[in-house]
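[1] sequence first, predicted coordinates after that:
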Amino acid sequence: MKSWLSLLLVVLLPVAAIAESEKSDKDSKKSKATPTPASTEQKEDAMLRDLPQGQTYTGLRIPNFSPTGKLLMLLDAKEAKRVGDRDVDLTELKLEIHNEDGTTFHVTTAHSVFNLDTRILASDTPTKITREDFVITGEKADFYLKTKFGRMKGSTKMIINSEQVK
């Protein structure tokens, strides 16, 4: 019961902070101030940084929105566990990444570690990246959340669906 309460606080406190900042953003729009990407990253990181070390949470879902409210990315993990000061261990991770051109990438992996300082998601298990026109599978992968740049490691295979390529 205590773990659910602490998880509820971890999730609701950043949501309350986001709501309060949106309220202050509306007030500051009169002075033409806009939120910075760094403040969005800080809100996301607050959710993960507040996880107590060694405690496992199930069903973690973290959305990432643009300053205009558009969904950019959705992180969905079956389990999340804070390991050390900088790392969060994620199992059965699913990332949904929405691009400006309307395409959506889906990244799935059984195990990965997210570094809160570098914002690098490193998978040490087979990883699959799909889009409507291709599928890439690799033994391991790194994904840089700041730049949305990924790198597959080890044996990698790509299948292109020529019917979807324009």
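    Looks like it came in fine.

[2] quick one: mean pLDDT over stretch 128-148.
    Mean pLDDT, stretch 128-148: 91.

[3] can you give me the buried ones in that stretch?
    By 16 or more other Cβ atoms under 10 Å, the buried positions in stretch 128-148 come out as 129, 136-138, 140-141, 143, 145. Using the backbone N, CA and C atoms, a C-beta is placed for each residue, glycine as well.

[4] just the residues you listed: which are in helices?
    Assigned to helices by DSSP state H, none of these qualify.

[5] look up the closest residue to residue 82, ignoring the ones flanking it.
    residue 51 (4.2 Å; Cβ to Cβ, 6 or more residues apart in numbering).

[6] what do you get for residue 160?
    Going by Cβ to Cβ, 6+ apart, residue 160 has residue 134 as its nearest residue, at 4.9 Å.

[7] now residue 140
    Residue 140 sits nearest to residue 153 (Cβ to Cβ, 6+ apart), 4.1 Å away.

[8] quick one: low-confidence parts of this protein?
    1-49, 164-166 (pLDDT under 70).

[9] for residue 149, list each beta-bridge partner.
    residue 144 (DSSP bridges).
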